[in-house]
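Colleague: the following block contains a protein sequence and its predicted model.
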Amino acid sequence: MKINLKKTERRGIGQTLRLRRVLVLNLGVLLLVGWGFTGEFMRGRSMEEEISRLDGQVVELEDRNVELRRTADRLSGSAMLEREARLKLNMRRPGESVVVIKSENLDEQEYSSLDVSVADSGLTSGSFAASQISNYHKWIRHFFPHK
């Protein structure tokens, strides 16, 4: 009986060792698979965050685009173009008469008070002519005299 008992003990130890090896191998495979799933989960989560950030940016850019289109439509209207042509280019409509205010005492010092430099007026010599002042500046000078 002693021999049978030793054989069964050896078989029990051998089976236990084999079961432990299988258990360790299974745990290793489980950890490897879990690690792979965790990495994919984290990558998917970061992609979702990036997508939501980009969606917010798209909404901001679309709002900005709508605002710019409204501004462009407002600025390209005929009333705005006419206003800019009158103010900046001293243009007039056919049939309108332009009133030019001539100043008798407009010298270089008064001209510089209009925020227009003599260099911008196209003067190359020391001479100064009142006719070189734009009509726009003459109107400002007429209605808002500087002291």
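Modeller: All right, it came through fine.

Colleague: now do stretch 32-51, average pLDDT.
Modeller: The average pLDDT within stretch 32-51 is 94.

Colleague: and what of stretch 73-89?
Modeller: Here the average pLDDT along stretch 73-89 is 82.

Colleague: centre of the chain to it, how far?
Modeller: 27 Å (C-alpha atoms, centre = their mean, to the nearest Å).

Colleague: helices of the chain, residue ranges please.
Modeller: Here the chain has its helices, by DSSP state H, at 2-75, 78-89, 108-112, 135-143.

Colleague: can I get those in JSON lines with mean neighbour count and distance to Ser97?
Modeller: No exception for glycine: its C-beta is placed from N, CA and C like everyone else's. Listed next are these as JSON lines, based on neighbours: other C-beta atoms under 10 Å; distance: least, C-beta to C-beta, whole Å:
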{"stretch": "helix 2-75", "mean neighbour count": "10", "distance to Ser97": "28"}
{"stretch": "helix 78-89", "mean neighbour count": "11", "distance to Ser97": "14"}
{"stretch": "helix 108-112", "mean neighbour count": "14", "distance to Ser97": "26"}
{"stretch": "helix 135-143", "mean neighbour count": "14", "distance to Ser97": "13"}
